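1. need coordinates for the below:
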Amino acid sequence: MKKYILFGVLCCMVCLACKKEETPLFNTTENVYFDFLPDVDDDKTDSLLYSFAYFPDKGEDTVFIPVRISGFRVKRDRAFILKTVDSSTTAIANVHYVPLKDKYIMSADSGICMVPLILLNKDTLLKTKTLTIGLTLQPSEDLGVAFTLQNKGLVKFSNRLEKPNWWDAWAGELGEYSRVKHELFIRVSGTTELGTNFQDFNMIPKALYHTRRFKSFLLDPFKWVQQYPEEGYVITMEADGYYYFYSSKNPDIKYRLEKNPDDGRYYFKDENGNRV
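-> Modelled structure (predicted):
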């Protein structure tokens, strides 16, 4: 009899142990939240930065807002709602960006949706000011927004540049910094940045190629346009009697050339009124 009792106790212990080993099921409503890539100084960010200055031939461009779900993926499409926030938006719909849709779709079996937001590069205000578009996720019939700290985001964009760290390292080739000079450098040099590791012998000749291509452009913009037709830039005389340099793909952004009677050359002017 004792053997049977002991056997029964052992069976009960095994059953209890098995129940403790079971993994509890995740049982909650699925939600959506923003999942922006972290920046350099933080492990999380709630914003996305963009500058048209690095893409001079674009009159518009699309940035993608990453929206993830928490919970199970399912075998059907689910709708979620993304809206702009007036209090944190300085950009104007249809002037600086294309308005958002009424709803977006989280595809079947997917855990993330990259929502396209079309930014417009038509307003010269972007040359002097960074505009913002505040975003918020709102609950729908399919998906909630339980994570309040991650259901608001911000897109910041402009068409201007800030002085990069590498500029001073190449000041002997580039001269004094200005935003207009920086913009022209990006357009014609063949690169958006220069290296600063002078121990790398491959870096120096590459950098000199870009800086000298830029200097040849400043010396004679008309010749440069003829020499590199594949770049898509033109110089035309406008109604005001001045020549303007611009991309044929984005004729709204133009740089005026002014002739210096002392040497007969044409120069650009920077934001401070100085010759470039």
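2. where exactly do the helices run in the stretch 51-200 of the chain?
-> Secondary structure of the stretch 51-200 of the chain (DSSP state H, counting those that start in this stretch): helices at 171-174, 179-188.
3. now the first one: buried residues?
-> Residues of helix 171-174 classed as buried by neighbour count (16 or more other CB atoms under 10 Å): Leu174. Quick note: C-beta positions are derived from backbone N, CA and C, even for glycine.
4. show me what that helix is packed up against.
-> Counting contacts by 3 or more CB pairs under 8 Å, 6 or more residues apart in numbering; DSSP states H and E, helix 171-174 packs against helix 203-219.
5. isn't Pro128 up against Arg179?
-> Heads up, residue 128 is Thr, not Pro. No: using CB atoms under 8 Å, Thr128 is not in contact with Arg179, being 9.4 Å away.
6. where does the stretch 151-276 of the chain have low pLDDT?
-> Counting by pLDDT under 70, the stretch 151-276 of the chain has no low-confidence residues at all.
7. list the buried residues for stretch 148-166?
-> Buried residues in stretch 148-166 (16+ other CB under 10 Å): Gln150, Asn151, Lys152, Gly153, Leu154, Val155, Phe157, Ser158, Asn159, Arg160, Leu161.
8. make CSV out of these and add distance to Thr124.
-> As requested, the buried residues of stretch 148-166 are exported to CSV (distance: CB to CB, whole Å):
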residue, distance to Thr124
Gln150, 35
Asn151, 34
Lys152, 30
Gly153, 27
Leu154, 23
Val155, 20
Phe157, 14
Ser158, 11
Asn159, 8
Arg160, 11
Leu161, 15
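9. hmm, which two among these are most spread apart?
-> Farthest pair in the buried residues of stretch 148-166 (CB to CB) is Asn151 and Leu161. Separation: 32.0 Å.
10. which one of the helices of the stretch 51-200 of the chain lies closest to Val95?
-> Of all the helices of the stretch 51-200 of the chain, it is helix 179-188 that lies closest to Val95, at 21.7 Å by CB to CB.
11. list the contacts of the closest one.
-> 53-54, 56, 160-161, 163-164, 167, 174-175, 192, 213-214, 217-218, 224, 228, 231, 233, 247, 255, 268-271, 276 (CB atoms under 8 Å, 6 or more residues apart in numbering).
12. which of these are buried?
-> 53, 56, 160-161, 167, 174, 213-214, 217-218, 224, 233, 247, 255, 268, 270, 276.
13. about what we covered before: which of the buried residues of stretch 148-166 sits closest to Gln138?
-> Asn151 (8.0 Å).
14. ok, that closest one touching Thr136?
-> Yes: contact criterion CB under 8 Å: Asn151 and Thr136 qualify, at 6.1 Å.
15. could you pull out the strands for the stretch 1-150 of the chain?
-> 31-34, 47-51, 60-70, 78-85, 104-106, 112-120, 131-138 (DSSP state E, counting those that start in this stretch).
16. state the distance from the residue most central in space within the chain to Met106.
-> Central residue of the chain (CA atoms, centre = their mean): Tyr50, 3.7 Å from the mean position. Separation of Tyr50 from Met106 (CB to CB, to the nearest Å): 24 Å.
17. check Arg213 too.
-> Distance of Arg213 to Met106, given as CB to CB: 46 Å.
18. got it, and Asp252?
-> 36 Å.
19. the two: who's more crowded?
-> A direct count of neighbours by other CB atoms under 10 Å for Asp252 and Met106 places Met106 higher, at 24 against 11.
20. which residues touch that one?
-> Val32, Val67, Ile69, Asp77, Arg78, Ala79, Phe80, Cys113, Asp142, Leu143.
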